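**Student:** Show me the folded form of this:
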Amino acid sequence: MATILQIETATPVCSVALSVNGTTVALKEQAGQHIHAANLTLFIDEVLQMAKLSYAQLDAIAISKGPGSYTGLRIGVSTAKGLCFALDKPLIAIGTLQMMANGFLENHPNYGGLICPMIDARRMEVFTAVYDNKLQSLEAVNAKIIDEKSFVLELDNHFVTFIGDGAAKCAPVLEHPNAHFSAINFNSATYMSKLAYEAFHRKAFEDVAYFEPFYLKDFVFTTPKNKL
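**Tutor:** Numbers count the residues shown, from 1 in each chain. Next up, the predicted model:
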């Protein structure tokens, strides 16, 4: 038996799920800007209440590790680590882009092409990766500036579905007969259930004291201009 609390805050979606043996039994999520700090702990309490479970009955905490929003990741990881310390439970880290690709495949089990999840970074830049229909990584997670030449090799040889909030802004640039775009949101903690369960049985746990989110890029501080 593996009861795992799952947290996703790497994107504008604040999402918390509870899974038992790889199956989601409770889910609470909401999309919006700057909502994670106010809602995360409330959502955790709610999913435990939905499942009629206590914190002590958890076997592990799983966190969507990024890349994604710097602030969102800090909030999610800090909360997950705090729970692990307080409850003496192991920490599991799941790549956010892998989680998104897994969500697409769970909703399209007969899909035969490639999946390219994209998280909006800035302007025409996205955090992205490419996976096949077995969730094997074909292109490592990276920050990419999208132009007309992006993914040409993949598109010339495969049907590719682009997903995530970064995909919509790139659609006008990635014009190709094999390029398709999904408007469905896969930034959900429920899509961590299978991955977290597999990691739990492999004992693929993080060092709670030293674990940090996968930011991919350094956070850039900006100074507002003085008003005249």
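**Student:** Residue 15 touches residue 188, doesn't it?
**Tutor:** Yes. At 5.0 Å, residue 15 and residue 188 qualify as touching, with contact defined as Cβ atoms under 8 Å. From N, CA and C alone the C-beta is placed, and that goes for glycine too.
**Student:** Now do the same contact list for the residue most central in space within the chain.
**Tutor:** Residue closest to the mean C-alpha point of the chain, counted by Cα atoms, centre = their mean, is residue 96 at 2.6 Å. Residues in contact with residue 96 (Cβ atoms under 8 Å, 6 or more residues apart in numbering) are 8, 10-11, 64-68, 119, 187, 214.
**Student:** shared neighbours of residue 15 and residue 188, anything?
**Tutor:** Applying Cβ under 8 Å, 6+ apart, one finds that residue 15 and residue 188 are jointly contacted by 8, 27, 29.
**Student:** Kindly indicate which of those residues lies nearest residue 193.
**Tutor:** Comparing those against residue 193 with Cβ to Cβ picks out residue 27 as the nearest, at 9.6 Å.
**Student:** State whether the closest one is indeed within a helix.
**Tutor:** No. With DSSP: H, G, I helix; E, B strand; the rest coil as the criterion, residue 27 is located in strand rather than a helix.
**Student:** got the contact list for it?
**Tutor:** Counting by Cβ under 8 Å, 6+ apart, residue 27 has contacts 15-18, 47, 188-190.
**Student:** can you check residue 206 too?
**Tutor:** Contact partners of residue 206, counting by Cβ under 8 Å, 6+ apart, are 90-93.
**Student:** Most neighbours among these, which one?
**Tutor:** residue 92 (27 neighbours; other Cβ atoms under 10 Å).
**Student:** picking that back up, report the two of the contacts of residue 206 separated the most.
**Tutor:** 90 and 93, at 10.6 Å, using Cβ to Cβ across these.
**Student:** Residue 179 versus the residue nearest to residue 195 when sequence neighbours are not counted, what's the distance?
**Tutor:** Excluding the flanking residues, the one nearest residue 195 by Cβ to Cβ, 6 or more residues apart in numbering is residue 94, at 5.0 Å. Noted for residue 94: a distance of 27 Å to residue 179, by Cβ to Cβ, to the nearest Å.
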